[in-house]
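Peer 1: Here is a sequence with its predicted model. Questions after.
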Amino acid sequence: MNKITGRPPKAIRQEKNIGFFVTHQQYFIIQQKALKAGVNLSDYLRQTAVSGQVMTRWTADEREIFKRLVGMSNELNELVELARQQGTLSAMLYFEQSRDKIDWIIKQLDHDQ
């Protein structure tokens, strides 16, 4: 007999259903806020109720900036190797060139500003 396959069980199962009534205008506002945050309506309401805030998904620009930051982390790893091989003076010159780029990327990713 074949084993029945299907969707694997979720790590955290949502067990309770909370329902409430809103006006058409309130529903529209909530729906627009969820769309702006990039999450579905259930996730938006759940995050708002539990933590009082909704973490928006990164935009395409923010994802691209993050990819650049990961690439720079590889360059920094190479910098460590350079410092080991040629001494810290050579590595320090290279680091000073990269430092401003890294600071700019971190500021772009910071949602608190």
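Peer 2: Great, that's in hand.
Peer 1: domain parsing for the protein?
Peer 2: Split into domains by automatic domain parsing, the chain comes to 20-57, 60-109.
Peer 1: buried residues in the first one?
Peer 2: Looking back up the chat, that one is domain 20-57. Using 16 or more other C-beta atoms under 10 Å as the test for burial, domain 20-57 gives 34, 37, 39, 44, 45, 47, 54. C-beta coordinates here come from the backbone N, C-alpha and C atoms, glycine included.
Peer 1: mean pLDDT for the domains of the chain: which is lowest?
Peer 2: Lowest mean pLDDT of the domains of the chain: domain 60-109, a mean of 80.
Peer 1: Now do the end-to-end distance for that domain.
Peer 2: This stretch, domain 60-109, spans 12 Å end to end (C-alpha to C-alpha, to the nearest Å).
Peer 1: now stretch 45-59
Peer 2: 21 Å.
Peer 1: Could you do stretch 7-20 as well?
Peer 2: 29 Å.
Peer 1: ok so, going back, got JSON lines for the domains of the chain, with distance to residue 7 too?
Peer 2: Putting the domains of the chain into JSON lines (distance: least, C-beta to C-beta, whole Å) gives the following:
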{"stretch": "domain 20-57", "distance to residue 7": "17"}
{"stretch": "domain 60-109", "distance to residue 7": "27"}
